[in-house]
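**Student:** fold the following for me, if possible:
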Amino acid sequence: MTTPSGVPVSALHFQNSPQEIAKRVSLGQIRWAAPLLFLPARIVFMLLSQAIFAAVFRLQGRVSPWRAAGPWWTVWGTLVDVGCLACLFLLTRRENLLIRDLLGPLPRWLVPKGIACFLLIFPFFLLGGSLASWIVYHSGQAPMPAGEIWGRHLPLWGVLYSLLIWWPIWSATEELTYQGYLASRLAALSRHRWVPYCLVGFWWALQHSFIPFVADWRLVLFRFLAFVPGVLVFLAIYLRTRRLAPLILAHWMMDLSAAVMTLSF
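**Tutor:** Predicted coordinates for the structure are as follows:
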C-alpha cells in the first residue's frame, strides 16, 4: 500500500520519513539555509583535502605537487568523509536525530535488493560515460589523465587502504549526505520532487569532477555529464522507497570496482 505520492505506508514511521521531516519543517527545525549551504560541502572538502596532500608533496620537493596529490584520491577521500560526517553530526543534532536515523529502517532481503539496485543503476553510468564522451570529445573514448584518475601507482599501504577502507566509508557517507539528508529535506521544504532532482542531482554529479580535480574544463564537463544519469536514478529510487541501505550496498559495489579498475598493480 502506498500514499498518493507513491511512498510506501511502511516508510512513514521512522525519523527520516517524509511525514516526520514535514513535521520538523513545520516546527522550524529545518530551514532552507542549512541544506543549501551543505550542497557544495563535499566539493569544498575535496579541494581542501587534495590541497593538504599537495602541501605535503611540496615540502618533499615535488615539481608538480597538485598533480602528485591527484592519484591519492582514494586515501585523502576519507578526509572528505570526516568533514561531511562532522557536518551531518551537527545538522542532525539540530533536529534531535542521530546520523544513524538518516539511514532509515533496514528492509527485508537487504542483500538481494542491494544487488538488484546495482544491476539497475550501473548501466546508466556506462550509458552516461559513453554519451558524455561523444558530447564533449566527439569520441567513444574520453582521454583520462594517466596516473591521476586511471592507472594510479600507490605504495602497498595506499593500495590496501584504497581497497579495504576508503570505499565502505565513502559510499555510505555519500549516500547519507546527498540522499539521507539533502534530498529528503529539500523535497520536504519545496514540496516538489523536481527540486532535489535538480539541486542534489547537479551537485552530486559535479562532485565527481573534483576527485581528483584536474584543471581541464572539458574533463570537468565530461565527468559531470557522465554521472548525471546514474545519479538521477539513485535519487529516483530513494525518493520513492526512502530505503537507503540497499543503495549503499549498490554504491559499495560500484566504488570498490572503481578502486580496483583505477589502480595499477
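**Student:** CA atoms only for stretch 51-66, dumped as PDB, please.
**Tutor:** The C-alpha trace of stretch 51-66 is given here as PDB (Å, rounded to 0.1, in the frame of the first residue of the first chain):
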ATOM      1  CA  ALA A  51      45.500  20.800  -1.200                       C
ATOM      2  CA  ILE A  52      46.700  19.200   2.100                       C
ATOM      3  CA  PHE A  53      48.300  16.400   0.300                       C
ATOM      4  CA  ALA A  54      49.700  18.800  -2.300                       C
ATOM      5  CA  ALA A  55      51.300  20.800   0.500                       C
ATOM      6  CA  VAL A  56      53.000  17.700   1.900                       C
ATOM      7  CA  PHE A  57      54.300  16.900  -1.600                       C
ATOM      8  CA  ARG A  58      55.600  20.500  -2.000                       C
ATOM      9  CA  LEU A  59      57.500  20.200   1.300                       C
ATOM     10  CA  GLN A  60      59.000  17.000  -0.200                       C
ATOM     11  CA  GLY A  61      60.200  19.000  -3.200                       C
ATOM     12  CA  ARG A  62      57.800  17.600  -5.800                       C
ATOM     13  CA  VAL A  63      57.800  19.600  -9.100                       C
ATOM     14  CA  SER A  64      54.000  19.400  -9.500                       C
ATOM     15  CA  PRO A  65      52.600  18.800  -6.000                       C
ATOM     16  CA  TRP A  66      48.900  19.300  -7.000                       C
END
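**Student:** poorly predicted segments of the protein, please.
**Tutor:** Across the chain, the ranges flagged by pLDDT under 70 are 1-13.
**Student:** so how far is residue 68 from the residue sitting furthest away from the middle of it?
**Tutor:** Centroid-distance maximum for the chain: residue 61 at 33.2 Å, with CA atoms, centre = their mean. Distance, residue 61 to residue 68, by CB to CB, to the nearest Å: 10 Å. For every residue, glycine as well, the C-beta is placed using N, CA and C.
**Student:** same question for residue 19.
**Tutor:** Distance from residue 19 to residue 68, by CB to CB: 50 Å.
**Student:** which element, helix or strand, includes residue 63?
**Tutor:** Here residue 63 sits in a region with no helix or strand, counting by DSSP states H and E.
**Student:** count of neighbours near it?
**Tutor:** 8 (other CB atoms under 10 Å).
**Student:** please apply the same query to the one 4 residues further on.
**Tutor:** Residue crowding around residue 67 was assessed by other CB under 10 Å; the count is 17.
**Student:** tell me the secondary structure for it?
**Tutor:** When classified by DSSP: H, G, I helix; E, B strand; the rest coil, residue 67 comes out as helix.
**Student:** was I right about it contacting residue 146?
**Tutor:** No: applying CB atoms under 8 Å, one finds residue 67 not in contact with residue 146, separated by 11.3 Å.
**Student:** go ahead and confirm residue 220 touches residue 211.
**Tutor:** No: with contacts counted by CB under 8 Å, residue 220 stays clear of residue 211, the gap being 11.5 Å.
**Student:** okay, those two: which has more neighbours?
**Tutor:** Using other CB under 10 Å, the more surrounded residue of residue 220 and residue 211 is residue 211, with 21 against 17.
**Student:** from residue 139, how far off is that one?
**Tutor:** Applying CB to CB, the value for residue 211 to residue 139 is 23 Å.
**Student:** repeat for residue 78
**Tutor:** Residue 78 is 34 Å from residue 139, by CB to CB.
**Student:** which one's more surrounded, these two?
**Tutor:** Using other CB under 10 Å, the more surrounded residue of residue 78 and residue 139 is residue 78, with 16 against 9.
**Student:** that one contacts residue 168, correct?
**Tutor:** No: using CB under 8 Å, residue 78 makes no contact with residue 168, being 10.3 Å away.
**Student:** quick one: contacts for residue 98?
**Tutor:** Neighbour list for residue 98: residue 92 [criterion: CB atoms under 8 Å, 6 or more residues apart in numbering].
**Student:** who has more neighbours, residue 19 and residue 68?
**Tutor:** Under the criterion of other CB under 10 Å, the comparison of residue 19 against residue 68 puts residue 68 first, with 18 against 14.
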